[in-house]
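> Here is a sequence together with a model predicted from it:
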Amino acid sequence: MEWWFWVLLAFLLLTIEFFATTAHVGFFAVGAFLVAILVGLGFDIPLWAQLLTFAISSVVLLIFVRPIVVRKLGLSKTHVVDTMIGEQAIALGDLAVAGEGKAEMRGSTWTARNVGETPLLKGQRCVVEKVVGLTIYVRAS
């Protein structure tokens with residue numbers, strides 16, 4: 001195949017990567033760019049060898065380089081909202097110790113987990129200790 005085909009494939013894969021939620025397809029784009037460079041430099045590589053080079057280089061990059069990129073960019077971190085720590089919420093139902101239920105805070109209903117040493121009763125005020133995703137961890141105030 002011609003070098004420009006591999007460049008087009010690489011840009012198509014980069015476009016897919018741009019809209020994807022995970023960092024996987026971009027490494028196949030790098031493999032396509034590698035083959036485009038080899039073919040563009042004039043190496044007489046048969047089609048089967050181009051495809052093999054593309055596949056092997058993409059998988060090797062995916063296996064060995066992706067974990068480094070994910071770690072450096074912080075893509076594997078769970079984002080924690082900490083601006084609500086210390087705010088008060090109201091239990092919408094009884095929450096046993098280490099139990100899960102619902103609580104109201106800022107006019108919204110949240111999934112709440114009781115991390116305190118005492119149970120929370122319906123309507124009781126509690127303090128937010130931490131927030132992970134859409135779950136607030138609360139204890140009696």
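Noted; the coordinates are in hand. Numbers count the residues shown, from 1 in each chain.
> ok, and what's touching the helix or strand of the chain with the lowest mean pLDDT?
Confidence across the helices and strands of the chain bottoms out at helix 66-73, with a mean of 88, counting by mean pLDDT, DSSP states H and E. In this structure, residues lying in contact with helix 66-73 by Cβ atoms under 8 Å, 6 or more residues apart in numbering are 23-24, 27, 75-76. (C-beta placed from N, C-alpha, C; glycine too.)
> at 10 Å what do you get?
For helix 66-73, contacts defined as Cβ atoms under 10 Å, 6 or more residues apart in numbering pick out 22-24, 26-27, 61, 75-77.
> ok, now stretch 41-52?
With Cβ under 10 Å, 6+ apart as the test, stretch 41-52 has contacts from 1, 3, 5-6, 32, 35-39, 53.
> List the buried residues in that stretch.
Residues Gln50 are the ones in stretch 41-52 that count as buried (16 or more other Cβ atoms under 10 Å).
> Pull the distance from that stretch to the chain's centre.
35 Å (Cα atoms, centre = their mean, to the nearest Å).
> Run through this protein and note the low-pLDDT ranges.
Within the chain, the segments meeting pLDDT under 70 span 79-82.
> Now, of the contacts of stretch 41-52, which are buried?
3, 6, 32, 35-36, 38-39, 53.
> Save the residues you listed as a markdown table, and put in secondary structure and distance to Pro119 too.
Listed next are those as a markdown table, based on DSSP: H, G, I helix; E, B strand; the rest coil; distance: Cβ to Cβ, whole Å:
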| residue | secondary structure | distance to Pro119 |
| --- | --- | --- |
| Trp3 | helix | 69 |
| Trp6 | helix | 64 |
| Ala32 | helix | 59 |
| Val35 | helix | 63 |
| Ala36 | helix | 64 |
| Leu38 | helix | 67 |
| Val39 | helix | 69 |
| Thr53 | helix | 63 |
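> Could you dump these into JSON lines and include distance to Ala96?
As requested, the buried ones among the contacts of stretch 41-52 are exported to JSON lines (distance: Cβ to Cβ, whole Å):
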{"residue": "Trp3", "distance to Ala96": "66"}
{"residue": "Trp6", "distance to Ala96": "61"}
{"residue": "Ala32", "distance to Ala96": "56"}
{"residue": "Val35", "distance to Ala96": "60"}
{"residue": "Ala36", "distance to Ala96": "61"}
{"residue": "Leu38", "distance to Ala96": "64"}
{"residue": "Val39", "distance to Ala96": "66"}
{"residue": "Thr53", "distance to Ala96": "60"}
